[in-house]
Every structure is written in C-alpha cells, then in structure tokens.
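> Quick one: sequence and predicted model below, then my questions.
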Amino acid sequence: MEEIKNVSIEGGSLGAKFIDPEKVIESLEILPGMSVAEFGCGTGFFVFPVSKKVSESGRVYALDILKEKLEAIESQAKINGMSNIIVKRANLEAVGGSKLEENSIDWVFMVNMLFQNKQKDLIIAEAKRVLKPKGKMLIIEWNGNDSSFGPARDIKLSKEELLALGEDSQMAFIKDIEISDFHYGLIFAK
C-alpha cells in the first residue's frame with residue numbers, strides 16, 4: 001500500500017501524494033553498476049537516491065545549467081561520501097550540450113524540467129544520443145489537473161504533447177507510471 005503524506009493547509013489536513021523519489025526508483029529496472037544521468041537535476045532530489053541504487057560501481061551524472069545547484073549537490077555528495085556522483089554544468093538545449101559520450105547511459109531522468117524549456121525536442125534528442133541501445137528515459141512532468149499547485153496550466157506539458165515529442169524523436173513509448181497527485185511519469189526506450 002502506498003504511503004500518503006499529509007500536508008497541513010491553514011489548520012486543516014489534506015491527504016495528498018507527492019513525488020517520492022525512492023519509490024519511483026524502486027519501481028524502475030535500475031541495477032548496481034548502471035549509469036544514470038539526471039537532466040536539469042536542480043539540487044539532486046533524484047540524484048542521491050539513484051546514487052545509492054546504482055552503488056559505488058555505478059555512476060550518476062547530475063546535469064544542470066545553474067552552477068549553484070551543482071555546487072550544492074557536489075557539497076552534499078562529499079559530506080555523504082558519495083563518490084559515484086559526477087556534476088556537470090550543461091546547456092541541454094544545445095546539440096551535445098550534456099557533454100556525455102554517445103551511447104554511454106542506461107537511464108536519463110528529466111523531472112519537472114521540460115516545461116521550463118523552449119527547445120524540448122533538442123533536450124529529448126540529447127537524451128537519445130547519450131542513451132545506450134535499449135537505454136531508457138523517465139520523464140516526470142506536472143499534470144494539468146490542478147492549477148492551484150505547480151506552474152501555470154498554460155506552460156504545463158500534457159501527456160499527449162510529451163508522447164508526440166517522444167514519437168517525433170523516434171523513442172519508443174514503454175509505459176506510464178504513477179508518480180503523485182500532481183505529476184505523471186512516462187518511460188521511453190531508445
């Protein structure tokens with residue numbers, strides 16, 4: 001049974017399910033020794049739990065354009081002795097912008113980041129470029145069900161739009177996965 005996290009709102013209690021990175025990662029086929037890249041990693045919400053999952057024999061690439069976010073991840077990784085996390089400043093809207101080798105990554109994660117970018121097709125193309133044959137991509141985005149939480153409805157990326165982007169980039173849609181009351185997740189394969 002899934003754990004529901006309660007959020008207090010003005011003295012009341014509203015049961016709402018938010019993103020639980022550990023549960024999401026456990027639901028995926030991620031094994032020790034794998035290489036995972038998180039595009040637009042922010043402060044590492046998924047980076048740290050993935051680092052544990054792939055173990056010291058694996059690698060996690062934390063990619064973001066914001067230097068201060070990467071510095072925070074690097075600092076936290078050092079404090080926690082997580083030597084398998086590699087931070088890289090990256091412009092993911094540029095061809096080759098991840099600076100990762102072609103066909104080198106088992107999984108690419110994009111969590112709440114595509115809606116913020118204009119050149120979504122280039123970001124997905126970059127993910128495809130770095131994925132190994134049969135490598136997978138997890139994209140988590142805000143659903144459009146509730147405009148009171150998250151970004152404005154008009155900038156959210158619908159499932160249909162994301163499926164079309166995947167199809168345009170010749171990525172195979174595998175499945176959607178339950179993420180939270182406010183997000184959806186889609187898995188694609190190269």
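Structure received.
> could you point out which element follows the lengthiest strand in the chain?
Ordering each strand of the chain by length in residues (DSSP state E) puts strand 131-142 first. Going down the chain from strand 131-142, the next helix or strand is helix 159-168, by DSSP states H and E.
> just how off-centre is the helix or strand just after that next one within its chain?
Moving toward the C-terminus from helix 159-168, the next helix or strand (DSSP H and E) is strand 172-178. How far strand 172-178 lies from its chain's middle: 14 Å, per Cα atoms, centre = their mean, to the nearest Å.
> Report the inter-axis angle for strand 172-178 versus strand 131-142.
In terms of direction (axes from the mean of the first three to the mean of the last three Cα atoms, to 10 degrees), strand 172-178 departs from strand 131-142 by 40 degrees.
> Which residues belonging to strand 172-178 are considered buried?
Neighbour counts over strand 172-178 (16 or more other Cβ atoms under 10 Å) mark no residue as buried. Heads up, the C-betas are built off the backbone N, CA and C, glycines and all.
> does the closest residue to Asp168 other than its chain neighbours count as helix, strand or coil?
Leaving out its chain neighbours, the residue that sits closest to Asp168 by Cβ to Cβ, 6 or more residues apart in numbering is Asp121, at 6.5 Å. Counting by DSSP: H, G, I helix; E, B strand; the rest coil, the backbone at Asp121 sits in helix.
> wouldn't Asp121 be in contact with Gln170 here?
No - contact between Asp121 and Gln170 fails when scored by Cβ atoms under 8 Å: they sit 11.5 Å apart.
> now the helices: where do they sit in this protein?
21-26, 47-54, 67-79, 120-130, 159-168 (DSSP state H).
> Would you reformat those as JSON lines and include mean pLDDT and mean neighbour count?
Output for the helices of the chain, formatted as JSON lines (pLDDT from 0 to 100; neighbours: other Cβ atoms under 10 Å):
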{"stretch": "helix 21-26", "mean pLDDT": "95", "mean neighbour count": "16"}
{"stretch": "helix 47-54", "mean pLDDT": "97", "mean neighbour count": "22"}
{"stretch": "helix 67-79", "mean pLDDT": "96", "mean neighbour count": "15"}
{"stretch": "helix 120-130", "mean pLDDT": "95", "mean neighbour count": "21"}
{"stretch": "helix 159-168", "mean pLDDT": "93", "mean neighbour count": "15"}
